[in-house]
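Undergrad: Using only what follows, build the 3D model:
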Amino acid sequence: MVQQEHQYEHTVHQHVPHQHLVQHQPTVQQQKLGLQPPPQALTPLKKKRGRPSKQQADNKEIKEEEDEAEAAKKAKRTLNRFNGMSVDEVMAKTLPDVITYNLDILIIGINPGLLSAFKGHHYPNPGNHFWKCLFLSGLTEQQLDYMHDHSLPEKYSIGFTNMVERTTPGSKDLSSKEIREGGRQLLDKLQKYKPLIAAFNGKGIYEIFCKEIFGVKAKSLEFGLQPYKIPETKTVCFLMPSSSPRCAQFPRAQDKVHFYIKLKELRDRMKGLAVGREVVEMQYSFDLQLAKEDAKRMGIKEEQVDPEYESCSGLHDEARQNI
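TA: This is a model prediction of the structure:
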């Protein structure tokens, strides 16, 4: 009987290949002992190769169409923003200096942004705090805007220039080489025109200038009057926080007015002017959203990416590290 059971077990395994079994059949001996066969490992199903499904193809086609439509809208917005000019055409434009000899104050930026080059004026962004701070500090008698920049040298003895002449969407597009060269060109300009005060609009600009011209790596710069004069001139350097609303350290106009007041006081002191009615620093409200709405009503389009909007330093951090 035992021999017959072994023969039966051998017969089952001989005629039914192991790999074709869905599940191990218990042997007679296992049945007697009440044992269950070990579970067979499940083989994972292989993913069929071939073309993607029709649904996947349709989704991909829809995504491509949406991307093309968005790119077309972006290009159209750019053309509308610059009256039909492309970004490359705007970048080919330059922003002339507003400068003459023996100015009281020469405002120095990093380089022209797209909107500045397109408009042909300095600080045209409606959210930029420059023109508001100029008025609130008493440096101008009335609230002006970028359209008045060419009148400032004659009326207020204030001019404008940039360290680098080339127009870019942002200061991060400038190479460290051209920034250093721009510093040397700025030195030549200051020695030629000899302003009373060279006012740097942003800490990063002065850091580069200080290292390139004076050979000093400024580790901890304080805003205000600086210890170095422009060689071969009586021009002093004054450092202000960037007038950009994206200046993290001084995000509001009222945070920056103090430095414009100090700039005015320095000018008056150097010129030996009698101190008249002092400008009183007081709390006031500046709403950037309202400024944008006013600009929209006036038909002024705000620049979204601009060197004047980079950071409190007035220069992109990566560019500063490469100097």
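
Undergrad: all contacts plus neighbour counts: C-alpha atoms, from now on.
TA: OK.

Undergrad: Strands of the protein, start to end?
TA: 105-109, 158-162, 197-201, 224-229, 236-240 (DSSP state E).

Undergrad: What is the longest one packed up against?
TA: Right, strand 224-229. If contacts are counted by 3 or more Cα pairs under 8 Å, 6 or more residues apart in numbering; DSSP states H and E, strand 224-229 sits against strand 236-240, helix 253-271.

Undergrad: just the ones you listed: most buried one?
TA: strand 236-240 (a mean of 23; mean count of other Cα atoms under 10 Å).

Undergrad: What pairs with that strand, parallel or antiparallel?
TA: strand 197-201 (parallel), strand 224-229 (antiparallel) (DSSP bridges).

Undergrad: Using PDB, write down the CA coordinates of it.
TA: Extracted in PDB, the C-alpha atoms of strand 236-240 (Å, rounded to 0.1, in the frame of the first residue of the first chain):
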ATOM      1  CA  VAL A 236      32.700 111.900  -1.500                       C
ATOM      2  CA  CYS A 237      30.800 108.600  -1.600                       C
ATOM      3  CA  PHE A 238      27.300 108.200   0.000                       C
ATOM      4  CA  LEU A 239      25.600 104.800   0.300                       C
ATOM      5  CA  MET A 240      21.800 104.500   0.200                       C
END
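
Undergrad: Based on its surroundings, how many neighbours for I107?
TA: 18 (other Cα atoms under 10 Å).

Undergrad: Repeat that for T235.
TA: 21.

Undergrad: and the closest residue to it other than its chain neighbours, how many residues sit next to it?
TA: For T235, ignoring the flanking residues on the chain, the nearest one in space by Cα to Cα, 6 or more residues apart in numbering is L196 at 4.9 Å. By the criterion of other Cα under 10 Å, L196 has 23 neighbours.

Undergrad: In JSON lines: the helices and strands packed on strand 224-229, plus mean pLDDT.
TA: Shown next, in JSON lines, are the helices and strands packed on strand 224-229 (pLDDT from 0 to 100):
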{"stretch": "strand 236-240", "mean pLDDT": "97"}
{"stretch": "helix 253-271", "mean pLDDT": "94"}
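
Undergrad: Turn those into CSV, including distance to E178.
TA: Below are those laid out as CSV (distance: least, Cα to Cα, whole Å):
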stretch, distance to E178
strand 236-240, 22
helix 253-271, 29
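
Undergrad: Out of the ones you listed, the one nearest L225 is which?
TA: strand 236-240 (4.5 Å; Cα to Cα).

Undergrad: For the strands paired with strand 236-240, state which one has the densest average packing.
TA: Comparing those by mean count of other Cα under 10 Å gives strand 197-201 as most buried, with a mean of 25.

Undergrad: any idea of the mean pLDDT for that strand?
TA: If you average the pLDDT over strand 197-201, you get 98.

Undergrad: now what about it, what contacts it?
TA: 103-109, 190, 206, 235-243, 267, 314 (Cα atoms under 8 Å, 6 or more residues apart in numbering).

Undergrad: Many thanks, have a good one.
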